[in-house]
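In: what follows is a predicted protein model with its sequence.
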Amino acid sequence: MKRILYIPLFLTLFVSCTDSFLDQEIPVKQEINAFYKTPNDINGALMDAYSSLQNDALANARWVFGDVATDDALKGGESAGDGADFEQIAECRPLANNSAVTDLWVQSYSGITKTNVILDKIDGIDFSSDNNLKNQYKAEALFIRAFHYYYIAMAFGDAPILTKGITDFSDIDPKLLQRKPVSSIWNLIETDLQEAINYLPLKSQLIEQNQLGRASKTAGKALLAKVYMFQRKYNEAVPILKEIVENSNYQLLSDYGMLVRLEGEFSSENIFEINFINQSSGWGDDSEGSSRVVYQLSRDDWGYGFNQPTQDLVNEFEIGDPRVIYTVNWGGDEYENGVQQGNKQYNPYGYSNRKIFLTATQRPADVFSAGKNEVIFRLADFYLLYAEALVESSGDVNEALYYLNLVRQRANQTAKKDPERVVQVHKVANADLPMRIFTTKEQLLQDIYHERRVELGMEGIRWWDLVRQNRTNVLTNYYKKWAVEKGNEAKGDLTGKFYQQWVAQIGKSDYLVFPVPQTEIDASQGYLEQTIGY
């Protein structure tokens, strides 16, 4: 199946990995203003907007926040000092000059700006021959903008709201850089998605047009459902989640292991994924390949050894659950004879991330440009979200159990021997997972929380789950446990100043947020203020 390529346009906005979003010069301002003349120009600009999702720094920030900040993953790398900014996240002491924090903010606003330009220009272009196409393009731009604001809202809370196209950052009224309440950002996201869903194409249409990789109608609904769930708007989430699980024409793969192999890309289970190919054309938005793979593979096998699974995550899997071998590589595993997954990464167990793994024949010549897609939304996630929303909204617990057990049934159907491994160190017991039954609401929620952790482990979701569920207190228990039992797995000095400042937020009714990048504050003429406590 042909997949779309997100080809960057030199006339649209580009922000490097290191520059401040608010401190850019646009030398081709006049050319930008003159560029948008035809529907093809809008389509090209959309491809550039999609490429903002591919951005190396942003793609890596998603796993740093989603996994490394949690009990699922250690920072890894070569040593304690390797990837020091990742270590700040792992130890729950991020500073305002942290590169991962800056990347998430800067690259998200860069993508927002690209979509704002499209939305500003599209009404001035003649689509008279195909108004449906105009509506679709506008819907896609709204989806991408909502996606970027979703991460801004989750990670930073109050933040600037920019909805107008900017071709020269000197044109920004500094007052627009003032942080707006996070509730206003959520409202903007909801409005954008509610409009977009009306005009986004069905997946079947994208297949017919050889355009897999663009946002579908179900992708729009999936993002809206995530937005409702993060705000704990369970009553609003239930009907849209019901549509996704019952009427979207997606279905679970019969084999969980296929999800982590290349054959699982654009499968019947994947609702939205960011497309990468083995092609190098530069850094940032200019690369069609991904550096996510080389960052996370074992240091003994082609990689840098970051984002390494914890023993705590491995212990979460039940006896007989084969998902553990499709989530974790063991030291000594071989995918080709004589090439072992090793113990060189800064990790006491030698574990590495199976879900990011590529075999030697699947890897590109340029290690920074791997063609493994990043799956953002897949159906099993939404089965479990639907079950959770039903329980939280006092809905039908039997229906919640049904979707929870569908995920467990699929695990039981999955091979306990990884077909890509030549040597598999960990032997999965020949036992089936029992189906869950209802005892109490509290127990059912705990069952769902467990299932989300083992089903979605190492997929950049754990941190956001803990925050939205107001369960970050589990991290304090994790830190204390492993500080005693495994000193080199402890995440930071439990008596340290920065740790105490950060951990003091854990368990609050409101959710944790990260510091605003200092570069942005410095460039804002004083209008952008730092989060209290940083």
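Out: That came through, no problem.
In: and I448, that's in a helix?
Out: Yes. Per DSSP: H, G, I helix; E, B strand; the rest coil, I448 lies within a helix segment.
In: count the neighbours of it for me.
Out: 27 (other Cβ atoms under 10 Å). For every residue, glycine as well, the C-beta is placed using N, CA and C.
In: same check, this time on I437
Out: I437: 10 neighbours (other Cβ under 10 Å).
In: strands of the protein, start to end?
Out: 73-76, 270-274, 306-309, 328-329, 334-336, 339-340, 352-353, 374-378 (DSSP state E).
In: so for Y151, which of those sits nearest?
Out: strand 374-378 (10.9 Å; Cβ to Cβ).
In: burial of the residue found closest to D71 once you drop the neighbours it is linked to in the chain, as a residue count?
Out: Of all residues beyond its chain neighbours, the one nearest D71 is Y478 (4.1 Å), with distances taken as Cβ to Cβ, 6 or more residues apart in numbering. Counted with other Cβ under 10 Å, residues neighbouring Y478 total 18.
In: how close does Y478 get to Q296?
Out: Distance of Y478 to Q296, given as Cβ to Cβ, to the nearest Å: 21 Å.
In: okay, D510: pLDDT?
Out: For D510, the pLDDT comes out at 51.
In: repeat that for D301.
Out: For D301, pLDDT reads 84.
In: same check, this time on the one 4 residues further on
Out: With respect to pLDDT, G305 scores 91.
In: these two touch, right, it and N343?
Out: No. G305 lies out of contact with N343 (Cβ atoms under 8 Å); the separation is 9.6 Å.
In: and those two? Which one has more around it.
Out: Between G305 and N343, counted using other Cβ under 10 Å, G305 has the larger neighbour count: 29 against 18.
In: what's the separation between the more buried one and D72?
Out: 16 Å.
In: just give me the neighbour total for D366.
Out: 15.
In: wait, I meant V293
Out: Neighbours of V293 using other Cβ under 10 Å come to 25.
In: low-confidence stretches in the chain?
Out: The model of the chain has pLDDT under 70 over residues 1-34, 167-171, 280-287, 480-511.
In: what is the longest helix of it by residue count?
Out: In the chain, taking DSSP state H as the definition, the longest helix is helix 131-156.
In: which helices and strands sit right next to that one?
Out: Here helix 131-156 touches helix 39-54, helix 99-121, helix 182-197, helix 217-230, going by 3 or more Cβ pairs under 8 Å, 6 or more residues apart in numbering; DSSP states H and E.
In: mind putting these into a markdown table with mean neighbour count?
Out: A markdown table is the format used below for the helices and strands packed on helix 131-156 (neighbours: other Cβ atoms under 10 Å):
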| stretch | mean neighbour count |
| --- | --- |
| helix 39-54 | 22 |
| helix 99-121 | 24 |
| helix 182-197 | 19 |
| helix 217-230 | 24 |
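In: nearest to I277, of these?
Out: Per Cβ to Cβ, nearest to I277 of these: helix 39-54, 10.2 Å.
In: next, the angle from that closest one to strand 374-378.
Out: 100 degrees (axes from the mean of the first three to the mean of the last three Cα atoms, to 10 degrees).
In: nearest to E140, of the helices and strands packed on helix 131-156?
Out: That would be helix 39-54 among the helices and strands packed on helix 131-156, by Cβ to Cβ, at 5.6 Å.
In: counting neighbours, what do you get for E208?
Out: 10.
In: and what of E388?
Out: 26.
In: residue contacts, it?
Out: M229, A400, L445, I448, R452 (Cβ atoms under 8 Å, 6 or more residues apart in numbering).
In: now N315
Out: Contacts of N315 (Cβ under 8 Å, 6+ apart): none.
In: with H148 as the reference, measure out to it.
Out: Counting by Cβ to Cβ, the gap from N315 to H148 is 35 Å.
In: repeat for P201
Out: The value you get for P201 to H148, if Cβ to Cβ is used, is 21 Å.
In: can you list the helices and strands packed on helix 131-156 in a markdown table and add distance to P364?
Out: Shown next, in a markdown table, are those (distance: least, Cβ to Cβ, whole Å):
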| stretch | distance to P364 |
| --- | --- |
| helix 39-54 | 15 |
| helix 99-121 | 23 |
| helix 182-197 | 34 |
| helix 217-230 | 27 |
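In: who wins for proximity to N98 among the strands of the chain?
Out: Here strand 73-76 is closest among the strands of the chain (Cβ to Cβ), at 12.7 Å.
In: related to what we said a few turns ago, show me the one of the helices and strands packed on helix 131-156 that comes nearest N210.
Out: It is, among those and with distance given as Cβ to Cβ, helix 39-54, at 14.0 Å.
In: show the secondary-structure elements that that closest one is packed against.
Out: helix 99-121, helix 131-156.
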